[in-house]
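Novice: output the structure for:
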Amino acid sequence: MKAIDFSVSSSSYCYEINMSLHRDDLDRGLEILADLLQRPAFAPERMELVRKQMLNDLTRMNDEPGSIARRMLAQSINPGHPFGSFPDAAGINSFSRADLVDLHQKFLIQKYLGGRFRRHLCHRDTGPVCGKI
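Specialist: A predicted model of the protein is given here:
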């Protein structure tokens, strides 16, 4: 019996994929990981749920003085950078599944999976599987 503990999370700063499994299940775990990275679902109904949540958050973004101060500080420290940018309703509404697929391809697949990911995975215990990535 195979048991794999697998989770994906994200924040404003990073995406994190955690996978814990028995050494004998490594090949199956890599198949699951490859499927997730190469063929993400980006289900339209989930995108709409997130869109509604983000639009709802916009209506409350000025409810707390601390939120306003953090946003203003981020904008002044990081002008022109994503850390200093905040979405508006027009941007949220115009963002499509195709945009998400494009970002996934450009930034996750091309930029990160080429090097950083392989360095973390390819060490003495998993060296033989590096060619499978």
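
Novice: show me where the protein has strands.
Specialist: With DSSP state E as the criterion, the chain has strands at 4-10, 15-21.

Novice: pull up the pairing partners for the last one, direction included.
Specialist: Strand 15-21 has these partner strands in its sheet, going by DSSP bridges: strand 4-10 (antiparallel).

Novice: can I get the CA coordinates of the partner strand in PDB?
Specialist: This file holds the C-alpha atoms of strand 4-10, laid out as PDB (Å, rounded to 0.1, in the frame of the first residue of the first chain):
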ATOM      1  CA  ILE A   4       1.900   9.900   0.200                       C
ATOM      2  CA  ASP A   5       1.300  13.000   2.200                       C
ATOM      3  CA  PHE A   6       1.100  15.800  -0.400                       C
ATOM      4  CA  SER A   7       0.200  19.500   0.000                       C
ATOM      5  CA  VAL A   8       0.400  22.700  -2.000                       C
ATOM      6  CA  SER A   9       0.200  26.200  -0.600                       C
ATOM      7  CA  SER A  10       0.900  29.700  -1.600                       C
END
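
Novice: so for that strand, what's the average pLDDT?
Specialist: The pLDDT scores in strand 4-10 average 86.

Novice: what does stretch 30-47 give?
Specialist: Over the span of stretch 30-47, the pLDDT mean works out to 88.

Novice: how far is it from where the chain is centred?
Specialist: 11 Å (CA atoms, centre = their mean, to the nearest Å).
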